[in-house]
Each structure stands twice: as structure tokens, then as C-alpha cells.
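[1] Provided below are the primary sequence and the corresponding predicted coordinates.
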Amino acid sequence: MATITARKRIWGWYFFDWASQPYNTLMLTFIFGPYFAQTATAALVADGMALDVAKAQAQAYWGYGLTATGILIALLAPVLGAVADSSGKRMPWIWLFSALYVIGSAGLWWTAPQDFSILWALFFFGIGLIGMEFATIFTNSYLPELDQDPGERGRISGSGWAFGYVGGVVALMLMIALFQAGDSGKTMAGMAPLFGLDTATKADTRIVGPLTAIWYVLFMIPFFLYTRDIPKLNPVRYELGKGLSDLARTLRNLPRHPSLMAYLGSSMFYRDALNGMYTFGGIYALGVLNWSIIDIGIFGILAAISGAIFCWIGGRVDRRVGPMPVIIFCCVTLILTAILIISLTPTSVMGIDVGAGSALPDITFYLAGALIGAAGGALQASSRNMLTRQGNPDRMTESFGLYALSGKATSFLAPMLIAVMSDVTDSQRLGITPVVGLFIIGLILLAWVKPNGDFSK
């Protein structure tokens, strides 16, 4: 550690966000998610289901798959965090979950429409998502060690998240410029898909899995070069019993730390709502506004650029006023944005008929994407910093495990509510309505959160 400067440690830590962001940008939201919905819909229609019902059912399958993954993450996250804190070693866990990230994303190459399996696609996507989420828990726990001044952590967190968004933009631009073909058979750069990828088998879209895996392997190198575990006094071996015992003690003591408990509850709901917007945004545009995957990719670039800019700005605001005002402002913005999205149809905006062929619904959805990127990015960056103020400084990985638990304990809730609402109403548009209520609950619970937490001296 003595030979690695503080600047290198910070930049190495930033590179995790850069390396992992494409799973959110390319896989979850803008490329593979819509591809899954499109391909599953076609398979259901081929089995005799009506088109509108098939679209809603495909959205429901996606939601149920994310529900199952979220439950597994919720059960394991705090336990692994406790085990890592007891031993003082986080890096081996990051290596393990990085391997799952790469295996899961690369495995999605085998999801061609001709022999498409919904279960196979959801299985490999879930493996990669588990790897990404767990690796994030352990890397986030390094944040307090990057700067001893709590006031600087908001800036560092915001800059790291902004850097990650830039990585997502670059990866998405490469995807739609070099690989993803449009109706003409050409990419956005006016060329045939690189490596002669066959558009008939959707290889130009399925390449997103291997591309995401290679991107992660390449750009995690700086992280592994410059990030080290600080030796822990009196460490214990990786003992599950010890980790469970420590976790049980932390959970028993939670009522003694009402601010932490309220924050975990608040973030549980508003992060779940945000994930619902990210997860179903591309699928919504595909099914409701009839966008192509390239259209969704452009939408993603706009949202990611907006996210990068406002993460950086939000980090500076966080440093000046703290994370709480940033979180409140972003939640309100996202509530209004969700209402705007639900109001959109191909021929109307906010219930006002604009006529068939009008570009206003598409323009409005682009605006909504920019707002989601801006408010969502700043919200996540400041939420990460807020946890460093709320958690026990001596058990920070466990705190981030609890943070993951709070995020995943109901992470199935938004996908499940969207899935059920889509099933019940046979409408993708009405299926999105639960996110508004989840944001409002999260905002209300912030009233019991102390800006500097229970552990501040």
C-alpha cells in the first residue's frame, strides 16, 4: 500500500464503475433487455398468443426473472459482507464475483431467436447480475478508505459514478456504431456489423454479452493493480458461523440506530423504484412507442451522458450541502418523470391527443430519459455516500451488505409489481405505475434519517 499513491487508489476504484457500468447500460436497460422482450414476444406470438398480450407477458417474464435474482442477492449480501469484515479480506470475493459477471454476460451469446429459451436467457443474465451486484457491495466498501474527510466522499462517489456513466456511453456507442444493425442491415456508422455478424440470427445484438464480458476484464485491470485490502487486526478465517453471528448482532442492534434503520428502509424503496425505471425503460419504449433497438440505444446514450454530467455536478453539490438534499431533490424529480412516462402513448402526451405521426411522444420520452439519467445517477452516487455516514465505520463492508439487503430485500418488489400489473391489465403502460408509489414511500421515510447518522461523533 505504501507504494500506491492515494490518487492511484482513487482512480483504481473509479475503474470498477467504468468496467461494470455496461452491465446496467447495455445488458439491463438498452440492448439485451429490449432484445429479450422482443425475442420472447415473437416466441409467444408464434405459440398463438395475441401480440399485445405477448408484449405484456414478455415484460412479466423479465420481471419474474429479476425477482428471483433479487431474492437470492438479498439473502446472501449481508452474510458475505459480515464474513468479509470479520476476515478483513474483500479482494478474493471481488475476484469470485467478477468471474460470475464474465461467465453470465458471455453466456448470453447463446440466445439466438431460432432456439430461444426464456429460462436459459434469464439464468445466464441472472448469473451475471449476481456477479455485478456482489462485486459492487465489496468495492463500495472501500469508499471510506479513499479519503478520511467525510466531506470529500460525496465528491469521490459522484466522480466515480460519473466516470462509470462515461464508460457506459462509450460502450453503448461502440455497440450501436460497430455491431448493432438497423432495418437497413447497417450500423449507425453506416457499415455492416463487425466480424460479419449475421443479422438473421441476431448475432449483431447477441454480441452485447461477450462485448460486456471483454470490457469488464480489460478495464478491471487498474482496479486490481491499485486496490488493496488494509490488514485487519486480529482477523479471523472465512467462517460462515462467525459471519452469521456478527450479522445477527448487527441486526439485533439496528433498533438502537434509528437513523441507519430508517435510511435502509427509505433507500430500499426509492432504489427499487429507480431500478424498475432502469430495467423496464427500454422494454417500455419497445412495446409502447414501437422503438427499434437502435432508437433505444440512442436514448441510452442521451440518458448516460446526462447521468455523467449530473453525477459530477451532484458530487460537488453533495460536498457542499451533504447527500440528503441531493437525495430528496432527485426522488421528487423521478416521481414527476415517472408520471410523465406513464402518460405517454404513440398519439398522446399527458392525456392530450397530439395525433398519429406526431414526434412529440418520442421527444418527450427522450426528455424523460435525460431526466432519469441525471436524477438517477446523482441519486445513486449520493446514496452510496450517505451510507458511509449512516454505517458503522468498523463494519463498513457489512453495512454495505445491509445496504444491498435493503436494496434487494424488496428488489423483487418493483419487478413483481410491474409484472403483476402488466399481467392483470395486459398493458405495458399501466404496468409501470407501481414505481411512483415506491418513490413516495422512500421519500417519506427520509424524515427519520439524520444527515450524519447515529455513529457520528
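    Cool, the structure landed.

[2] any idea how far Thr227 is from Trp312?
    22 Å (Cβ to Cβ, to the nearest Å). From N, CA and C alone the C-beta is placed, and that goes for glycine too.

[3] Compare these two (neighbour count), which wins?
    Using other Cβ atoms under 10 Å as the criterion, Trp312 and Thr227 rank with Thr227 on top: 24 against 20.

[4] Next, count neighbours for the residue nearest to Tyr35 when sequence neighbours are not counted.
    Among residues not flanking Tyr35 along the chain, Thr205 sits closest, at 4.9 Å (Cβ to Cβ, 6 or more residues apart in numbering). Residues contacting Thr205 under the criterion other Cβ under 10 Å number 26.

[5] tell me the contacts of Thr205?
    31-32, 35, 179-180, 293 (Cβ atoms under 8 Å, 6 or more residues apart in numbering).

[6] What about those residues, which one has the most neighbours?
    Neighbour-wise, the contacts of Thr205 (other Cβ under 10 Å) top out at Ile31, 31 neighbours.

[7] My guess is it contacts Met175. True?
    Yes - if you go by Cβ atoms under 8 Å, Ile31 and Met175 touch, sitting 6.2 Å apart.

[8] any idea of the mean pLDDT for stretch 284-300?
    Averaged across stretch 284-300, pLDDT comes to 76.

[9] what do Ile31 and Met175 both touch?
    208, 297.

[10] Now Asn290: which helix or strand?
    Per DSSP states H and E: Asn290 is located in neither a helix nor a strand.

[11] Leaving out the residues flanking it, which one is nearest to it?
    Pro346 (6.6 Å).

[12] do the same with Thr337
    Leu371 (4.5 Å).

[13] Neighbours of that neighbour, how many?
    So Leu371, with other Cβ under 10 Å, has 21 neighbours.

[14] Let me see the contact set for it.
    306, 333-334, 337.

[15] again, only this time at 10 Å
    By Cβ atoms under 10 Å, 6 or more residues apart in numbering, Leu371 lies in contact with 303, 306, 310, 330, 333-334, 336-338, 340-341.

[16] Same question for Ile305.
    Ile305 sits in contact with 165-166, 168-169, 172-173, 370, 373-374, where contact means Cβ under 10 Å, 6+ apart.

[17] just checking, what packs against the host helix or strand of Tyr35?
    Element membership of Tyr35, judged by DSSP H and E, is helix 32-46. Contacts defined by 3 or more Cβ pairs under 10 Å, 6 or more residues apart in numbering; DSSP states H and E place helix 32-46 against helix 51-87, helix 118-140, helix 203-206, helix 208-219, helix 258-288, helix 293-321.

[18] C-alpha coordinates for that helix, PDB please?
    Extracted C-alpha coordinates of helix 32-46, given in PDB (Å, rounded to 0.1, in the frame of the first residue of the first chain):
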ATOM      1  CA  PHE A  32     -30.200  -7.100 -24.100                       C
ATOM      2  CA  GLY A  33     -33.400  -6.200 -22.000                       C
ATOM      3  CA  PRO A  34     -35.300  -5.000 -25.100                       C
ATOM      4  CA  TYR A  35     -33.800  -7.900 -27.100                       C
ATOM      5  CA  PHE A  36     -35.200 -10.300 -24.600                       C
ATOM      6  CA  ALA A  37     -38.600  -8.700 -24.700                       C
ATOM      7  CA  GLN A  38     -38.600  -8.600 -28.500                       C
ATOM      8  CA  THR A  39     -37.500 -12.200 -28.900                       C
ATOM      9  CA  ALA A  40     -39.700 -13.600 -26.100                       C
ATOM     10  CA  THR A  41     -42.700 -11.700 -27.600                       C
ATOM     11  CA  ALA A  42     -42.000 -13.300 -31.000                       C
ATOM     12  CA  ALA A  43     -41.800 -16.700 -29.500                       C
ATOM     13  CA  LEU A  44     -45.100 -16.200 -27.600                       C
ATOM     14  CA  VAL A  45     -46.900 -14.900 -30.700                       C
ATOM     15  CA  ALA A  46     -45.600 -18.000 -32.600                       C
END
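
[19] Pull out the buried residues from that helix.
    Within helix 32-46, the residues that qualify as buried are 32-41, 43-44, counting by 16 or more other Cβ atoms under 10 Å.

[20] any chance of those residues in JSON lines, with distance to Leu26 and pLDDT too?
    Output for the buried residues of helix 32-46, formatted as JSON lines (distance: Cβ to Cβ, whole Å; pLDDT from 0 to 100):
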{"residue": "Phe32", "distance to Leu26": "7", "pLDDT": "91"}
{"residue": "Gly33", "distance to Leu26": "9", "pLDDT": "86"}
{"residue": "Pro34", "distance to Leu26": "11", "pLDDT": "86"}
{"residue": "Tyr35", "distance to Leu26": "10", "pLDDT": "90"}
{"residue": "Phe36", "distance to Leu26": "13", "pLDDT": "92"}
{"residue": "Ala37", "distance to Leu26": "15", "pLDDT": "87"}
{"residue": "Gln38", "distance to Leu26": "15", "pLDDT": "88"}
{"residue": "Thr39", "distance to Leu26": "16", "pLDDT": "92"}
{"residue": "Ala40", "distance to Leu26": "18", "pLDDT": "92"}
{"residue": "Thr41", "distance to Leu26": "20", "pLDDT": "91"}
{"residue": "Ala43", "distance to Leu26": "22", "pLDDT": "89"}
{"residue": "Leu44", "distance to Leu26": "24", "pLDDT": "90"}
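
[21] between these, which is nearest Leu446?
    Nearest to Leu446 among the buried residues of helix 32-46, counting by Cβ to Cβ, is Gly33 at 29.4 Å.

[22] Surely that closest one touches Asn275?
    No - with contact defined as Cβ atoms under 10 Å, Gly33 does not count as touching Asn275 (12.0 Å).

[23] Spell out which residues are contacts of both of these two.
    Leu66.

[24] pLDDT score assigned to the residue nearest to Thr337?
    Note on Leu371: pLDDT of 90.

[25] Between helix 293-321 and the helix holding Tyr35, find me the angle.
    Calculated by axes from the mean of the first three to the mean of the last three Cα atoms, to 10 degrees, helix 32-46 forms an angle of 140 degrees with helix 293-321.

[26] And helix 32-46, how far out from the chain middle?
    22 Å (Cα atoms, centre = their mean, to the nearest Å).

[27] okay, now Lys8: neighbour count?
    14.

[28] need the contact list for it.
    Taking Cβ under 10 Å, 6+ apart as the test, what Lys8 contacts is 222, 225-227.

[29] Most neighbours out of those residues, which is it?
    Thr227 leads the contacts of Lys8 on contacts (other Cβ under 10 Å) with 24 neighbours.

[30] Which members of the contacts of Ile305 are positioned in helices?
    Mapping these onto helices (DSSP state H) picks out 165-166, 168-169, 172-173, 370, 373-374.

[31] Kindly reformat the residues you listed as a markdown table containing distance to Met191 and neighbour count.
    As requested, those are exported to a markdown table (distance: Cβ to Cβ, whole Å; neighbours: other Cβ atoms under 10 Å):
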| residue | distance to Met191 | neighbour count |
| --- | --- | --- |
| Tyr165 | 26 | 29 |
| Val166 | 24 | 20 |
| Gly168 | 22 | 31 |
| Val169 | 20 | 23 |
| Leu172 | 17 | 28 |
| Met173 | 14 | 18 |
| Ala370 | 28 | 20 |
| Gly373 | 28 | 27 |
| Ala374 | 32 | 24 |
